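Asker: What follows is a predicted structure for the sequence shown.
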Amino acid sequence: MTRFHLTLRLALAPVLASGALLLGACNTDDCCSNPTPETVDSAVISTFVDQVVVPTYQDLATRLATLDAAARALQADPSEARLETAKNAWFAARAPWEESEAFLFGPVDSYGFDPALDSWPVNRTDLDAVLASGDALTPEYVRNLQETQKGFHTVEYLLFGEGGAKKASEFNARQFEYLTAITAEMKSISSSLSDAWTKGYDGRPPYRDTLANAGQSGNTAYPSTQAAAQEMVGGIINILDEVANGKIADPYDAKDPNLVESQFAYNSLSDFSNNLDSVRHAYRGFANSVTTAQHSLRTVVGTDSALDKRIIAELDAAQDALARVPEPFRDSISNPASADEIEAAQAAIRKLQATFESEVLPLVTR
Amino acid sequence: MRRPLMLGALLLWTTGCGEEAPGAPSEPPRAGGATTIDDRTSLAFAQPAPNLLPEDQERHRLGDAAFEAVFVPGPAPINPGLGPTYNNTSCNGCHLRNGRGMPVMGSGPQRTQLLVRVSLPDGTPDHPNGAVPVPGFGFQVQDQANYGVQPEAAVALAWVETQGHYADGTAYSLRAPRVSISPRDGSTLPERLLTSLRLPPPVFGLGLLEAVDVSTLRALADPDDRNGDGVSGRLNEVWDVAARALAPGRFGWKANSPHLAQQSAEAYVNDMGVTNPLFPEPDGTHEISRDTLDAAVFYAQSLGVPARTALDDAEVRRGEGLFKTLGCEQCHREMLETGTHAVTELEHQRIHPYTDLLLHDLGPALADGRPDGAASGAEWRTPALWGLGLTQTVLPYAAFLHDGRARTLEEAILWHGGEAETSREGFRVRSAVDRAALVAFLRSL
């Protein structure tokens, strides 16, 4: 569920504050007319692209291929074991998607891959109508279906059912046909998304180059490495805001389980946790490896500096606070006994967001 | 806690450090006045104005939710009301990150961002200055539909390239769109069908443009070119649905909407098939509430405007000089002042939108031949240029001009004709270095 309702107004304050400090020190000749920007090493950007973005999308493509295979295996032999395998494949594919949400810019947005994979709510009216029809579910037919009848949450609805208690015996042949038609399309879309970064899509050059070559002449998207680094930090701030003030706040404030992400699979808290991992990856400069990246936002901050230690501690604290929210989230939002834990998780995430806004963004904005 | 700090910073910025480089503006232009934000990322068009009062920050947040809400066919627990025919399923579906759209139409995840307006050349309009609806279509081709409903038509888009040369011999290629509309019911199109393609324009800054007093625009207008500069400029006169009267138009590519409430309500009903208080069902009911419509309108009104960048860059400064020398600024007015508005944060701001909000004849190459309100088939409203340099940061493959025909800023300039022909030729005959400087200036906006 993509949202951009970030309050960068809060992010803006420290930037201007740093400008005030700069102007406040106005006793040197060149202070205002020609400030020398501190450049961000281009390796920070290319490492982020090659060690975080691209592997995350490749992981997503691999896992959606696995989900499609598991759905087909279930169709061939609708056993409880195979349903369990398919559900686990859905959970597994969900992880890299949520881990990509700190960088929801570029092809995932431009080409509509995000709504194709992650639209909400599920359009049950038309879904039921197509299931009841005899329409042939060709790839072209599926391409024409609305995004709200496809993607993660429609697959989730079909696999898990209301309350997450669906049994293999409850599927009919038409549901399997529909399920596999849309898992096939998700597999195809995730492959296009990965290719859009590495090989190019729709006749356009790889987006990897657009971001990694920030600051090179002719780059109309990112005229400087600082601009690309601001994009990275902006993406981090955006997802933290989204989790605390959208994904958690919207259903919690309204006490409405219909507003909860991944409500059929009871996967909401895992989604949020994977969003925090997305931040961790973007900050540290690697998604899967255990070796430390030589160039990352972390090295811009200063590895093992006081600020770096604070960021890591606040990330850990936010994860811990989320882990204390009782499952399932769709029930916890209405349970007064869970209110303290939910609000503590929001507070911990907002604290981390404020740190990125007030301490990290200025480092790449000067 | 934070706002006083921010205002303090702005104050220092505008008054501090008297030693300016020669030729520097005496006051750094803040694109949107107090609504200006410093953000050059892909989220630059999607931030709230920094001067919003606390209660308006909350309204903005609600508006953001309305703007991104994906509609589904009813009945449904949330967001029912889509269709039966439509072009896209949410505001965000076309206004990706609130920026210029991509010239795409049809199936697949992008759906239709580039839509086709239609009307007939003769007949009786529903109201003064109204277009004449096309049977089976109305005023817009809705090429998507809910299950079991036939879309109005399939629309195919093709591009026709033409070659040209700068005066220095450098070649360029311009593309123009060709659409073909095939009604899904097999019927034939009227022989003299007027069509016009429309690309989603940026969403931010619209509240400020709404807050410019109409007397300011009237003062800029010169409908009969009395000053003989070859540039006229006039206000559109369009139907105000709520007031049931003609009113000055200022929103949309042809300034065919009088205010943001009507424009947003038109988008709900025409682009998504969602009835609303201004455009209800025949029985007077509607699928979204007044609150939802108001929230979406407030969202557009209360977005921040990104500040210019590279103010000290020598090439940018030279390009800015050329922009004025070539006469671009005659229509793309750098500065306007806002008057009163229901949203107090928008009032009395000195803004730098680079538009006069007036209609100008841009010549036959750009003409759509489809009158809209009092606008002729060759007239377009000067689009604002603020944030222009962020267009392809916000959406990498976004395009320019009303139908997205221009892939680059150079192409957009080269399409200008009519009242802008002299300026266009001025650009075409300049050296590559000068042309690059002008584009560098535009990218700094």
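Answerer: Ah, there it is. Please read these numbers as outputs of a predicted model, since none were measured by experiment.

Asker: what sits against the closest residue to B:Leu388 other than its chain neighbours?
Answerer: Using C-beta to C-beta, 6 or more residues apart in numbering or on different chains and skipping the chain neighbours, the partner closest in space to B:Leu388 is B:Leu445 (4.5 Å). Placement of C-beta: from N, CA and C, glycine included. Going by C-beta atoms under 8 Å, 6 or more residues apart in numbering or on different chains, B:Leu445 touches B:Ala31, B:Arg308, B:Tyr354, B:Leu385, B:Trp386, B:Gly387, B:Leu388, B:Gly389.

Asker: what do you get if the cut-off is 7 Å, keeping everything else the same?
Answerer: B:Arg308, B:Tyr354, B:Leu385, B:Trp386, B:Gly387, B:Leu388, B:Gly389 (C-beta atoms under 7 Å, 6 or more residues apart in numbering or on different chains).

Asker: from the residues you listed, which is closest to chain A?
Answerer: Nearest to chain A out of the contacts of B:Leu445 is B:Gly389 (C-beta to the nearest C-beta; 8.1 Å).

Asker: isn't that closest one right up against B:Leu442?
Answerer: Yes: at 6.4 Å, B:Gly389 counts as touching B:Leu442 under the criterion of C-beta atoms under 7 Å.

Asker: you'd agree A:Gln263 is up against A:Lys247?
Answerer: No: using C-beta under 7 Å, A:Gln263 is not in contact with A:Lys247; the gap is 11.5 Å.

Asker: rewinding a little: what pLDDT does the residue nearest to B:Leu388 get?
Answerer: pLDDT recorded at B:Leu445 is 96.

Asker: Please apply the same query to B:Ala384.
Answerer: Looking at B:Ala384, its pLDDT stands at 98.

Asker: which residue packs closest to A:Asn144, ignoring adjacent ones?
Answerer: A:Asn144 sits nearest to B:Ser107 (C-beta to C-beta, 6+ apart), 4.4 Å away.

Asker: ok, now B:Ile181?
Answerer: B:Ala153 (4.9 Å).

Asker: so who does the closest residue to chain A within chain B touch?
Answerer: Nearest residue of chain B to chain A (C-beta to the nearest C-beta) works out as B:Pro109 at 3.0 Å. Taking C-beta under 7 Å, 6+ apart, we find B:Pro109 in contact with A:Tyr111, A:Gly112, A:Phe113, A:Pro115, A:Ala116, A:Glu147.

Asker: got a list of what the first one touches?
Answerer: So the one you mean is A:Tyr111. A:Tyr111 is in contact with A:Ala196, A:Tyr201, B:Pro109, B:Gln110, counting by C-beta under 7 Å, 6+ apart.

Asker: Where neighbours are concerned, which of those residues has the most?
Answerer: Top of the contacts of A:Tyr111 by neighbour number is A:Ala196, holding 24 neighbours under the definition other C-beta atoms under 10 Å in any protein chain shown.

Asker: Which residues are in contact with the closest residue to it other than its chain neighbours?
Answerer: Using C-beta to C-beta, 6+ apart and skipping residues adjacent in sequence, the residue nearest A:Ala196 is A:Pro107, 3.6 Å away. The contact partners of A:Pro107, taken as C-beta under 7 Å, 6+ apart, are A:Phe113, A:Leu193, A:Ala196, A:Trp197, A:Tyr201, A:Tyr207.

Asker: just checking, the last one touches A:Ala196?
Answerer: Think A:Tyr207. Yes: look at A:Tyr207 against A:Ala196 with C-beta under 7 Å: they come within range, at 5.6 Å.

Asker: of all of the stretch 1-150 of chain A, which residue lies closest to chain B?
Answerer: Nearest residue of the stretch 1-150 of chain A to chain B: A:Gly112, at 3.0 Å (C-beta to the nearest C-beta).

Asker: And for that residue, the neighbour number?
Answerer: 22.

Asker: now do the one 10 residues further on
Answerer: As a burial measure, the neighbour count of A:Val122 was computed by other C-beta under 10 Å and equals 22.

Asker: go on, the one 10 residues further on?
Answerer: By other C-beta under 10 Å, the residues close to A:Ala132 number 10.

Asker: Out of the contacts of A:Pro107, which sit inside helices?
Answerer: Those of the contacts of A:Pro107 mapping onto helices are A:Phe113, A:Leu193, A:Ala196, A:Trp197, A:Tyr207, per DSSP state H.

Asker: where exactly do the strands run in the stretch 1-150 of chain A?
Answerer: Remark: strands of the stretch 1-150 of chain A are absent; assignment by DSSP state E, counting those that start in this stretch.

Asker: Give me every residue in the stretch 251-366 of chain A lying close to chain B.
Answerer: A:Asn258 (C-beta under 7 Å from any C-beta of the partner chain).

Asker: For chain B, what's its nearest residue on the stretch 251-366 of chain A.
Answerer: Closest point on the stretch 251-366 of chain A to chain B, by C-beta to the nearest C-beta, is A:Asn258, at 4.9 Å.

Asker: What does residue 362 show for phi and psi?
Answerer: Assuming you mean chain A. In terms of degrees, to the nearest 10, the main-chain angles of A:Pro362 are phi -60, psi -30.

Asker: try again with chain B
Answerer: Torsion angles, degrees, to the nearest 10, at B:Leu362: phi -100, psi 10.

Asker: count of residues packed around it?
Answerer: Neighbourhood size, B:Leu362 [other C-beta under 10 Å]: 23.
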